[in-house]
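[1] how does the following fold in three dimensions:
(2 chains)
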Amino acid sequence: MRTLVILALALTAPTLASAQRQYIDVGRPDFRPLALAIAPFASGPGASADALDAQQTMRDDLALTGTFDLLDPRSFLADPAEGTQASGIKFPRWSDVGAEGLVKATVKREGAVVAGELHLYDVRAGREVLYRVHRERSARALAHAFADDVLQFYTREPGVFRTRIAGIRKGRGTWEIVLVDADGKGQEVLRRETAIAMLPSWRPDGGEVLVTSYRGGKPEIWGFRVPDGAPRLVVSLGDLASGGVYSPDGRSIAFTASVDGNSDLYVASADGTGIRRLTTDPATDTSPTWSPDGKRIAFVSTRSGNPHLYVMNADGTGQRRLTFKGNYNQTPRWSPRGDSIAFTARDERRVFDVFLVSPETGAISRVTQDQGPTNEEPSWAPNGRLLVLSTDRAGRQQLVVTNPAGDRQKVVTSDPAGISSPAWGPLPR
Amino acid sequence: MTGGSALLRGPERLWPLLVVSVGLHAGFIAAAFLVRPPPIVDLEQKPIVAKLVKLGEKRPEQWLPRREAPPPEAAPRAPDAVPVPVPAPAAPPAQKTVALPAPKVAPSKPPPPRPASAVTGGKGSDALSRALDKVRKDEKLASRERWGDPDGVPDGEAGDASEGDRYLGLVTQALQASYRLPATLSEQERLALRATVVLTIEPDGRVSSFRFERRSGNAGFDQALERAVRDARLPPPPPELRQRYRTVGLGVNFKV
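    Predicted structure coming up:
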């Protein structure tokens, strides 16, 4: 009998135990950057300036990601005689200064082309883990290619340093659609307009920038071809058509139009035909942004009284309110991985800052804070690791590149005229 | 005592009843165990979320979130001056207001550049008073940087949690402090990584053993969790919970 009782208790004990066990959630880990040393780049004849330029540019690129802790070059003495063969590299010395990864490169001039070899080593393993050769039109382009290689090696995701950011540069009576590198440099003017131009956005293949332009006498959606800036009228509807954005597959364009005084969302084919209305609410509906799978659209509506973010299916069904905090939420941009929407909002101090909201839970986190009266118009890098936004923290509107947590920000432009409305372009194809 | 209950008349009367009772209980428990599947612990179900809530004023729900500003340096000392248990000599009234725990000299950020022009503009006292009002408003907001809950604790870290167990809050805090992942994890991996570890916690707070109830499938992530558990310094559980955490353990759902 005693045995039976003990057996019964032994059988039931684990069940009761697991039922009683408490569980807690632990999230928000501290992401530890990888310690990376970049040895001074070796250079071929006449390429020492290119080598220096490439080295600094690559360093700035990788620092921008927040993924690496770049060792201060003053903390180590790189022996030039060490060479690039793993067998000749004194890895214990690199390990002693804290390096987990080591970058070495050689830069050469080949006529108008800057050529370079990249070597990446795993210091602990004491071996080369990546070797790449690039030929580019400038030292900066070479450095961006190197930075992308290193980022891709460690994260298994494409780097974004060969992408371009479109923005609007306001001059005296001119509006320039400009393109800059991800580090804010290498500015080019895609098109100089004498009519108001605003709200640029990219075609997913990078071949065109959509802009809301007054060049036809009223707000219309125009496309400007990359790289020559040739214009085409895409959509003209009612009193106003603005904020055109391509769907992820490039086949449709969602936009805002005001017909008979009511601002609503519409969608058209990429050539501007087949216009369909998505919203009919008498309030103002504006600023559409597509989810990365193209199945949903987030937008701004004043139907609750103040501008708030809403989400709906791409055919206009299933509209629901997403934000309930703040009272002036605008410029939503859906992240490439789909789990976050960046937007601009005015907080209780009446300053504009950039926030993130989960499209599923509505949970909001903050990206910028106490960094000037206006931080606005966020746009995601195509790998989802960085955001670009415009700020007036240093006077005129300039571009800031930041990680989504907002703890690594850098003002990347210093344009005397100022640049606003950034739109981060796609990965090069 | 001899003429009491029938159950107490003799062991020969008690014994069959005891056998039947134990048999019935054992049979019932065994049947319940065999017939019904064991209860499934739904790991996706929201577990207890324990947070240590800060002591402070509740941030209005409709306001956008605000990151915590570093607490003012003078703040911790101020409360010492408030309670005066011994007969206080007639203190000047002004002294009482100075001794409030709220940081009087909060590090208010300089006002935005605009007020300067407003002050020097030609609008005279109106512009000046508007500018001063704004500065006062900013200072007032800055002095309320540390939002919390009136029932919170001074060293809490959550701004808006409403309930939770204090010990689990401390455990969460300790694990959080040692939870480090490589920044090179891809965005896609970050979305999917989840694992559950069951800790056996000794009465002195030491984690004597742990096991994965559910692995993430990513060796690097699981190793990082093992490090986090080993490095964490947990506080001793309260007496009433010691037995439970030593035998049943505490489940921890790690996510990114």
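
[2] what distance do you get for the residue in the stretch 51-200 of chain A positioned nearest to chain B to A:Pro73?
    Per C-beta to the nearest C-beta, the residue of the stretch 51-200 of chain A with the smallest distance to chain B is A:Tyr154, at 4.0 Å. Backbone N, C-alpha and C define where each C-beta goes, glycine included. Distance of A:Tyr154 to A:Pro73, computed by C-beta to C-beta, to the nearest Å: 20 Å.

[3] which of those two has more residues huddled nearby?
    Taking neighbours as other C-beta atoms under 10 Å in any protein chain shown, A:Tyr154 and A:Pro73 compare with A:Tyr154 leading, 25 against 14.

[4] does the more buried one count as helix, strand or coil?
    helix (DSSP: H, G, I helix; E, B strand; the rest coil).

[5] in chain B, which helix or strand is least confident?
    helix B:93-98 (a mean of 34; mean pLDDT, DSSP states H and E).

[6] what's around residue 247, how many residues?
    If you meant another chain, say so; for now it's chain A. Using other C-beta under 10 Å, the number of residues around A:Ser247 comes to 19.

[7] ah, I was thinking of chain B
    12.

[8] repeat for the one 3 residues further on
    Close neighbours of B:Leu250, defined as other C-beta under 10 Å, add up to 23.

[9] roughly how far does it sit from A:Arg28?
    For B:Leu250, the distance to A:Arg28 - C-beta to C-beta - is 19 Å.

[10] show me the contacts for the nearest residue to A:Ile89 once chain neighbours are set aside.
    Distances taken as C-beta to C-beta, 6 or more residues apart in numbering or on different chains put A:Glu82 closest to A:Ile89, at 5.4 Å, once the chain neighbours are dropped. Listed by C-beta atoms under 8 Å, 6 or more residues apart in numbering or on different chains, the contact set of A:Glu82 reads A:Gly88, A:Ile89, A:Lys90.

[11] can you lay out those residues as JSON lines showing neighbour count?
    Output for the contacts of A:Glu82, formatted as JSON lines (neighbours: other C-beta atoms under 10 Å in any protein chain shown):
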{"residue": "A:Gly88", "neighbour count": "10"}
{"residue": "A:Ile89", "neighbour count": "22"}
{"residue": "A:Lys90", "neighbour count": "11"}
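
[12] now these in TSV, with pLDDT, secondary structure and distance to A:Val160?
    Formatted as TSV, the contacts of A:Glu82 follow (pLDDT from 0 to 100; DSSP: H, G, I helix; E, B strand; the rest coil; distance: C-beta to C-beta, whole Å):
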residue	pLDDT	secondary structure	distance to A:Val160
A:Gly88	92	helix	34
A:Ile89	95	coil	30
A:Lys90	94	coil	34
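
[13] so which residues on the stretch 301-429 of chain A come close to chain B?
    By C-beta under 8 Å from any C-beta of the partner chain, the residues of the stretch 301-429 of chain A that approach chain B are A:324-327, A:337, A:339, A:345, A:347-349, A:351, A:353, A:355, A:364-366, A:369-370, A:372-373, A:383-385, A:406.

[14] in strands, which of those fall?
    Mapping those onto strands (DSSP state E) picks out A:Ala345, A:Asp353, A:Phe355, A:Ile364, A:Ser365, A:Arg366.

[15] just the buried members of the residues you listed?
    A:Ala345, A:Asp353, A:Phe355, A:Ile364, A:Arg366 (16 or more other C-beta atoms under 10 Å in any protein chain shown).

[16] list the buried residues of the biggest helix by length in chain B.
    Longest helix in chain B by number of residues, with DSSP state H as the criterion: helix B:11-35. Applying a neighbour-count criterion of 16+ other C-beta under 10 Å, the buried positions in helix B:11-35 are B:Ala26, B:Ile29.

[17] do stretch B:236-246 as well
    Those would be B:Pro236, B:Pro237, B:Leu241, B:Arg242, B:Arg244, B:Tyr245, for stretch B:236-246 by 16+ other C-beta under 10 Å.

[18] what does stretch A:58-67 give?
    Going by neighbour count (16+ other C-beta under 10 Å), the buried part of stretch A:58-67 is A:Met58, A:Arg59, A:Asp60, A:Asp61, A:Leu62, A:Ala63, A:Leu64, A:Thr65, A:Gly66, A:Thr67.

[19] so who does the fourth one touch?
    Neighbour list for A:Asp61: A:Ala143, A:His144, A:Ala147, A:Gly159, A:Phe161, A:Ala182, A:Asp183 [criterion: C-beta under 8 Å, 6+ apart].

[20] what is the three-state secondary structure of it?
    helix.

[21] and the contacts of stretch A:279-297?
    By C-beta under 8 Å, 6+ apart, the list of residues contacting stretch A:279-297 reads A:242-243, A:245-249, A:254-256, A:262-265, A:278, A:298-303, A:307, A:310-314, A:316, A:319, A:330-338, A:341, A:359.

[22] quick check: end-to-end length of it?
    11 Å (C-alpha to C-alpha, to the nearest Å).
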